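Asker: below is the sequence, then the predicted model.
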Amino acid sequence: MATTTTKTETLVGKRIRRREDPRLITGTATYVEDIKMPGMHYAAIVRSPHAAAKIRSIDTSKAAAHPGVAAVFVGKDVAGVGPVPCGASLPGLRVPHHSILATDRVYFVGHPVAVVVATDRYIAADAADLVEIDWDVTQAVADPEKALASGAPAVHPEWPDNKAFDFHQEHGEIDKAFAEADVVVKQRITSQRLIPTAMETRGVVAEWRAADRALTLYTSTQIPHLVRTLVAMMLGLEENRLRVVAPEVGGGFGSKLNVYAEEALMGFVSMKIGKPVKWIESRRENFLTTIHGRGHVDYYEIAAKKDGTILGIKLKIIQDLGAYHQLLTPAIPTLSVLMMPGLYRTQNIRADIVGVFTNCVPTDAYRGAGRPEATHGIERMVDMLAAELKMDPAEIRLKNFVHKDEFPFPTATGLTYDSGDYAAPLKKAMDLAGYDKLRAEQAEARKQGKLMGIGISTYGEICALGPSPATPAGGWESATVKIEPTGKVTVMTGASPHGQGEETTFAQVAADELGVDIDDILVLHGDTSIVQYGIGTFGSRGTAVGGTAMYFALQELKAKLKKFGAMMLNSDDVTLANGQCVCNKTGAAKSIAEMAAASYRAMALPPNTQPGMVSTYFWEPPNFTFPFGAHLVVTDIDKDTGAISIRRYIAVDDCGNLLNPLIVDGQVHGGVAQGLGQALWEQAVYDDNGQLVTGELTDYVVPRAHMMPWIESSHTITPTPVNPLGVKGVGEAGTIGCSPAVVNSVVDALSPLGVKHIDMPMTPEKIWNLVKGAH
Amino acid sequence: MKISGTHRLPFPPEESYAKLQDPELLAQTIPGCESLEKIGEDEYKMKMKMALAAVSGAFEGKIRIADKNPPESFRLIVEGAGKIGFVRGEGLLKFSAAGDATEVTYDGDVQVGGTIAAVGQRLIDATSKTMIRKFFEKIAG
């Protein structure tokens, strides 16, 4: 039989440790900040301290005269650079012109006004303080509901109503549903502004080499190719002269799914001064000028029959957009509308969005992007409905779920849910929790005057973004797989991971498909000069779309390998498996390395076959995927302090097949941390003048390790038919499932006091006041 | 942000009123004041140092006195800016006799921006009250 070594151990589905971690935990990874170049200059950006003001004049003379300063640029200097792009389009959308440096007016605190470039970072910062700006301060408005009131200051004078767009969507017979309902529950639910707080702030190094007419931009981004296309357009530079590199990226969560003024600005500066230039965002700049998430005020109405059957849902979203549109700003609340029915069967919906300008930094995609808001809303409403009907919250959910035999299921909002068994994770979570026993314990605790809560959320989400017609820039992903002449395998993915562990999961899939050792596989990403065009990592798409593209590239290579194997073994009857091609008659075999070498040496070629062993595949997904799950949270409330303690956090997620359960757990943990952040602690607060009061980590509470509960994570597995890997995506699941489960639990705990709803964040102060108010 | 309070000065109202408009005395009594110079009728330029939580820095600003109604009241308008942000405030000071002394009450509105708003806004109330108390203590001698 075979004479070469064979690999029979498979890796997919195993808890393989992340191959990227050694460089991360030893501090040897290269982030933008780690890049140093001869002759490098440093930029400091002068930003508006006012939320709304006209610029009477700017005097840069003192800054320019400061020793070590190479240049100072203001708005009129960058007039030739295109505006910060908005990639989303909606009917009638108003798009303010947002130049990379303000010219005559500013409309949020942090608005860039000038850039000072010096030989040293400290000189640049000192000289930036010497730029004198004469401001004519005007009235600001920082709250979306106040901005809609008549007489509110206009964020953009040309649109005095502060509306960027109105959006309406309707399906079924919504008025009939509400007319026939036994019960209608209404609630205003907010989803507060959040600051994404990637541990690595943004940063850009731009290097212009005039002789080569080549600009390289190192930037901390989730979407290097889109940055290349859009920044090239902004700068008027041919796209093939611009190389964008996303080196190690220390977290994005959507905040780096964007094209920012500073990316084009650094390109401009480097081209002007002919030197490399670096700008690293400070934490305060990050809080003020990198996009925020959420920012919803939602008005919900849900209609139902006495038996708990949901008849229809109405939703009005007031979306705080901020002062202008970043890449996807206006599109985010439309995702909330798509997700508004949750996992429930109702076909009657009416949704309205009003997008509102405020004198704040723009909102945009933040982990979940529109779906956490929608899930929070529907899951709160279902709980309120259950309370109204005196039903158990689990029972009302089980009654309204799409049944497992109804897939593919067309939703009221125009989606087609791919596959699911929504009762399965809920039942599993209830079993793990010992639900009936917990309820009995709760009844006993209440007799003793203790506040104990049990909260459930059953979430669905829209993942694997997404079919191209549904996305602003194409929803496919690409991969190239090369088997080098020595048999080593290089994978280049257009999904630009930044913490998702794809150097591990993609290598697992490639190792299994080709039957080679995982250590022979290198996964490259994040460099537009190395990787064919790609879309990037966001919307839980990396593995489901990018991984699938790689899977198909691997199938093409396997077909080619088999042709070379057949030729080399002089047989038509061969099998490619376990890293070799075997003649089924003689048992003679050729290894992957031997076949690859032969393909490059090309002394002979199979018919109609090119030399080399490279395949590139651009995969267009036919649909989104729709993961789901159930989170169950048990809380105890301290009546005297208002402190919430989470006794148990059970997360049962169904994200389809698990390529690497260890990485899936990590994604769930991180997602839950950010969901808990919203539920309990985080809130971006602007005062009435548009000043960001929570401008530092001292005032903005992000979850720390010691604040996290133990997460009991488990899964049900319902593969998706959308892609051959059967994977759905898990990057955002934890965040989406978390906040409603926690709020439902705390409301449940306080329900004996008459509490029906609590808006996030549920700070001890807020809870203490509710408890105190009840007595 | 609203800010208000009452302090007692051991002088009759006329004297208290005059002292609170005496640039030389003010320069010595305003906490952190480095210079105060008259640039026009009832208008002064001031340099001062201010510290708020973890941020501190130099401020340059203007003080203007308006709505003069001696010895009962005047309005103080302050505008300052520096590396760490800006402050704008307006307040009405009222003087009323209390035996040999004067009760000075102030009632105003303060706006801050920039780093001090982002980092120290929660502390502004306490910090400004402390500064005002120190100021009146110094004036009282």
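Answerer: Right, received. Where do you want to start?

Asker: how far away is A:Tyr700 from A:Lys447?
Answerer: Distance, A:Tyr700 to A:Lys447, by C-beta to C-beta, to the nearest Å: 40 Å. Just so you know, the C-beta spots here come from the backbone N, C-alpha and C atoms, and that holds for glycine as well.

Asker: my bad, A:Lys14
Answerer: 49 Å.

Asker: and the two? Which one has more around it.
Answerer: Set A:Lys14 next to A:Lys447 and count neighbours by other C-beta atoms under 10 Å in any protein chain shown: A:Lys14 wins out with 13 against 8.

Asker: give the contact list for the nearest residue to that one once chain neighbours are set aside.
Answerer: Of all residues not flanking A:Lys14 in the chain, A:Asn660 sits nearest, at 6.9 Å (C-beta to C-beta, 6 or more residues apart in numbering or on different chains). Contacts for A:Asn660 (C-beta atoms under 8 Å, 6 or more residues apart in numbering or on different chains) come out as A:Val12, A:Gly13, A:Lys14, A:Arg15, A:Ile16, A:Gly501, A:Thr504, A:Thr505, A:Gln508.

Asker: out of those residues, which comes closest to chain B?
Answerer: Using C-beta to the nearest C-beta, A:Gly501 comes nearest to chain B of these, at 34.4 Å.

Asker: torsion angles phi and psi at the closest residue in space to A:Ala142 that isn't next to it in sequence?
Answerer: Spatially, and ignoring its direct neighbours in sequence, A:Ala142 is nearest to A:Tyr686 (3.9 Å; C-beta to C-beta, 6+ apart). Main-chain dihedrals, A:Tyr686, degrees, to the nearest 10: phi -100, psi 140.

Asker: what does A:Val269 give?
Answerer: Per-residue torsions, A:Val269: phi -60, psi -50 (degrees, to the nearest 10).

Asker: and it, how far from chain B?
Answerer: Counting by C-beta to the nearest C-beta, to the nearest Å, the separation of A:Val269 from chain B is 23 Å.

Asker: what's the neighbour count on that residue?
Answerer: For A:Val269, the count of nearby residues is 27 (other C-beta under 10 Å).

Asker: find the nearest non-adjacent residue to it, please.
Answerer: Spatially, and ignoring its direct neighbours in sequence, A:Val269 is nearest to A:Val277 (4.9 Å; C-beta to C-beta, 6+ apart).

Asker: report the contact partners of A:Val269.
Answerer: Each residue near A:Val269 by C-beta under 8 Å, 6+ apart is listed here: A:His41, A:Ala43, A:Ala71, A:Phe73, A:Val115, A:Val117, A:Ala206, A:Val277.

Asker: confidence score at the fifth one?
Answerer: Read that as A:Val115. According to the prediction, A:Val115 has pLDDT 98.

Asker: before we move on, which element is it in?
Answerer: Secondary structure assigned from DSSP states H and E places A:Val115 in strand A:112-118.

Asker: adjacent strands (with direction) for that strand?
Answerer: Note on strand A:112-118: by DSSP bridges, its sheet partners are strand A:41-47 (antiparallel), strand A:69-74 (antiparallel).

Asker: give me the nearest residue to A:Leu335, chain neighbours excluded.
Answerer: A:Leu335's closest residue in space is A:Gly370 (C-beta to C-beta, 6+ apart), at 3.0 Å.

Asker: what residues of the lowest-mean-pLDDT helix or strand in chain B count as buried?
Answerer: Lowest mean confidence among the helices and strands of chain B (mean pLDDT, DSSP states H and E): helix B:115-140, at a mean of 84. For helix B:115-140, burial by neighbour count (16 or more other C-beta atoms under 10 Å in any protein chain shown) applies to B:115-121, B:124, B:127-128, B:132, B:135-136, B:139.

Asker: for stretch A:57-68, how far is the first residue from the last?
Answerer: Terminal residues of stretch A:57-68 lie 24 Å apart, using C-alpha to C-alpha, to the nearest Å.

Asker: is that stretch anywhere near chain B?
Answerer: No: Stretch A:57-68 does not reach chain B (C-beta under 8 Å from any C-beta of the partner chain); its nearest approach is 12.8 Å.

Asker: what does that stretch contact?
Answerer: With C-beta under 8 Å, 6+ apart as the test, stretch A:57-68 has contacts from A:69, A:71-72, A:74, A:113-114, A:116, A:118-120, A:123, A:126-128, A:130-134.

Asker: if any of the residues you listed are buried, give me the ChimeraX selection for them.
Answerer: In ChimeraX, this line selects whichever of the contacts of stretch A:57-68 come out buried by 16+ other C-beta under 10 Å:
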select /A:69,71,72,74,113,114,116,118,123,126,127,128,130,131,133
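
Asker: residues of chain B that sit close to chain A?
Answerer: Counting by C-beta under 8 Å from any C-beta, chain B comes close to chain A at B:53-54, B:81, B:83, B:85-86, B:88, B:111-115, B:117-119, B:121-122.

Asker: quick one: the strands in chain B?
Answerer: Here chain B has its strands, by DSSP state E, at B:2-9, B:33-40, B:43-52, B:55-69, B:73-82, B:85-98, B:101-113.

Asker: send the alpha carbons of the longest one over as PDB?
Answerer: Listed in PDB are the C-alpha atoms of strand B:55-69, where the atom choice follows Å, rounded to 0.1, in the frame of the first residue of the first chain:
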ATOM      1  CA  VAL B  55      -5.700  67.700  34.200                       C
ATOM      2  CA  SER B  56      -4.100  71.000  34.900                       C
ATOM      3  CA  GLY B  57      -3.000  73.800  32.700                       C
ATOM      4  CA  ALA B  58      -2.800  77.500  32.000                       C
ATOM      5  CA  PHE B  59      -5.800  79.500  31.000                       C
ATOM      6  CA  GLU B  60      -6.000  82.900  29.300                       C
ATOM      7  CA  GLY B  61      -9.200  84.700  29.500                       C
ATOM      8  CA  LYS B  62     -11.200  87.800  29.700                       C
ATOM      9  CA  ILE B  63     -13.300  89.100  32.600                       C
ATOM     10  CA  ARG B  64     -16.000  91.600  32.000                       C
ATOM     11  CA  ILE B  65     -18.200  93.500  34.400                       C
ATOM     12  CA  ALA B  66     -21.700  94.500  33.400                       C
ATOM     13  CA  ASP B  67     -25.000  95.700  34.700                       C
ATOM     14  CA  LYS B  68     -23.300  97.700  37.400                       C
ATOM     15  CA  ASN B  69     -25.700  98.800  40.200                       C
END
